[in-house]
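S.K.: Have a look at this prediction, sequence included:
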Amino acid sequence: MIATQTVLAIDPKGREFVLTLGVGQPYAISSDEWACPVCMNGLFEKLADQHGIDVAVRSTGAHIVDWHHFNFATIAAAIISYCRAKRIPLPYAGVKSLEVTREGIAFHIENTVSIARRPALREDLSGRLLRYARGYEPNAITPNTQNETYV
């Protein structure tokens, strides 16, 4: 466990007992899923490693907050569904990933785009061929010192 906290707890019958809460080091299960060992010694002997994230959801009419547990696949599906509903374009070939941050969940998209080189300018706006004074042609300009560069 990387963090533990021991507290004095009271059960529903009013009896006091020592409860140790602990969180272990997260570890990767697969390329898109992580788990984290937890403990509640004094209440449970052995807890299964926890996957996903707990989210507080408030109902619209009342001021009641319910906690729901979601795994990363469900969260990713919800984010993609939201993007489609709001017509936010998602690149098909882009690598998509989720990250849990202090502020919440970050959805990352990485995509490589090929941009064609701009063709050499050979005409002015009216369509006439560009003309240069002798010695000022683009290929004729060469730097004379290290302080001069191509323009």
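M.R.: That came through fine.
S.K.: now the most far-flung residue of the chain relative to its centre, what's its secondary structure?
M.R.: Distance from the centre of the chain peaks at residue 134, with 55.7 Å (C-alpha atoms, centre = their mean). Judged by DSSP: H, G, I helix; E, B strand; the rest coil, the three-state class of residue 134 is coil.
S.K.: which secondary structure element contains residue 106?
M.R.: strand 105-110 (DSSP states H and E).
S.K.: show me what contacts residue 111?
M.R.: Each residue near residue 111 by C-beta atoms under 8 Å, 6 or more residues apart in numbering is listed here: 91, 93-95. Heads up, the C-betas are built off the backbone N, CA and C, glycines and all.
S.K.: before we move on, what about residue 83?
M.R.: 89-90.
S.K.: Run the angle between the helix or strand where it lies and strand 105-110 for me.
M.R.: Using DSSP H and E, residue 83 sits in helix 72-85. Interaxial angle of helix 72-85 relative to strand 105-110 (axes from the mean of the first three to the mean of the last three C-alpha atoms, to 10 degrees): 70 degrees.
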